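J.: sequence? don't have it. structure:
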């Protein structure tokens, strides 16, 4: 079968012929339709992640959409985090208990959303405890940010404010339905009195936005792309009684993850949730991997 294969950590995968996988007890073989190229895939394959250096050669891909016995499914893998192959191949192994059966939804569109939309949904509703009518501030507008804007609306947010670095990202925020869109350096004024901060950036932008939250405001951090440290004072946190929480998809139970994917899939099937993405054939995986920084790339494995 055709598969993307990482031969050496730090190098992009290339297309190769690979033997078809055989399922062990508790596993199933998925006929893969689409697999997103995500930041986690690149991090794991780099050999510099906290998971350690992956055993090579291996097929990357920490999630995918495909079919099992003709039924559409979403599935996760541990590729790059533990020995074994992932989703960027014509067939992939998944644990039976991890399968999420899907409605009639575009597999590429759902693959583009995937765990990024899960993070946005769960960070807002579970960790951030969003209440209808509240104001949400979203930093950045990649896949997580785009999903967060739409999911905040669907959850009943009264107002959605987005601060993003580039003009392109700000355009995405407008298209996604944000009420207010500003440059990162203007976030403090735009976020005044907000209830919830969804923060994939950390660093100075997060500090500025957090200082603008209302007393008792909530701040949920999902990443550190703007810095691993954040210049906010203890007195600010204490005087405003701010609540800072960390979030990672890795803390979700299998049931929580499945429920979140089901919510995402339902909204996607209804045309209410989407993120910008580029569709690339599996044959072009090397080029797609190298261009990942420009936006969400989804490998169309079949069709």
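T.: Thanks, I have the structure now. The shown structure was predicted, so the numbers you read here are calculated from the model rather than taken from an experiment. Numbers count the residues shown, from 1 in each chain.
J.: Walk me through the regions of the stretch 151-300 of the chain where pLDDT falls short of the threshold, as ranges.
T.: 292-295 (pLDDT under 70).
J.: Check what pLDDT the nearest residue to residue 156 once chain neighbours are set aside gets.
T.: Distances taken as Cβ to Cβ, 6 or more residues apart in numbering put residue 132 closest to residue 156, at 3.2 Å, once the chain neighbours are dropped. No exception for glycine: its C-beta is placed from N, CA and C like everyone else's. Here the pLDDT value assigned to residue 132 is 97.
J.: check contacts around the residue most central in space within the chain.
T.: Taking Cα atoms, centre = their mean, the centroid of the chain lies closest to residue 116, which sits 1.6 Å from it. Contacts here follow Cβ atoms under 8 Å, 6 or more residues apart in numbering; on that basis residue 116 touches 38, 142-144, 147, 275, 296.
J.: Quick one: which of those residues is the most crowded by neighbours?
T.: residue 147 (29 neighbours; other Cβ atoms under 10 Å).
J.: how far away is that one from residue 139?
T.: 14 Å (Cβ to Cβ, to the nearest Å).
J.: What of residue 90?
T.: Residue 90 is 38 Å from residue 139, where distance means Cβ to Cβ.
J.: Residue 156 too?
T.: In terms of Cβ to Cβ, residue 156 sits 21 Å off from residue 139.
J.: Which one's more surrounded, those two?
T.: Using other Cβ under 10 Å as the criterion, residue 156 and residue 139 rank with residue 139 on top: 31 against 11.
J.: dump the residue contacts of that one.
T.: Here residue 139 is in contact with 145, 162-164, 184, 187, 197-201, 205-206, 209, 226 (criterion: Cβ under 8 Å, 6+ apart).
J.: now do residue 135
T.: With the criterion set at Cβ under 8 Å, 6+ apart, residue 135 makes contact with 157-161, 193-196.
J.: Just put the residues you listed in JSON lines and tack on secondary structure and neighbour count.
T.: Putting the contacts of residue 135 into JSON lines (DSSP: H, G, I helix; E, B strand; the rest coil; neighbours: other Cβ atoms under 10 Å) gives the following:
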{"residue": "157", "secondary structure": "coil", "neighbour count": "23"}
{"residue": "158", "secondary structure": "coil", "neighbour count": "14"}
{"residue": "159", "secondary structure": "strand", "neighbour count": "17"}
{"residue": "160", "secondary structure": "strand", "neighbour count": "25"}
{"residue": "161", "secondary structure": "strand", "neighbour count": "25"}
{"residue": "193", "secondary structure": "coil", "neighbour count": "11"}
{"residue": "194", "secondary structure": "coil", "neighbour count": "23"}
{"residue": "195", "secondary structure": "coil", "neighbour count": "21"}
{"residue": "196", "secondary structure": "strand", "neighbour count": "26"}
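J.: Kindly reformat these as a markdown table containing distance to residue 68.
T.: Converted to a markdown table, these look like this (distance: Cβ to Cβ, whole Å):
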| residue | distance to residue 68 |
| --- | --- |
| 157 | 36 |
| 158 | 41 |
| 159 | 42 |
| 160 | 37 |
| 161 | 41 |
| 193 | 48 |
| 194 | 43 |
| 195 | 41 |
| 196 | 37 |
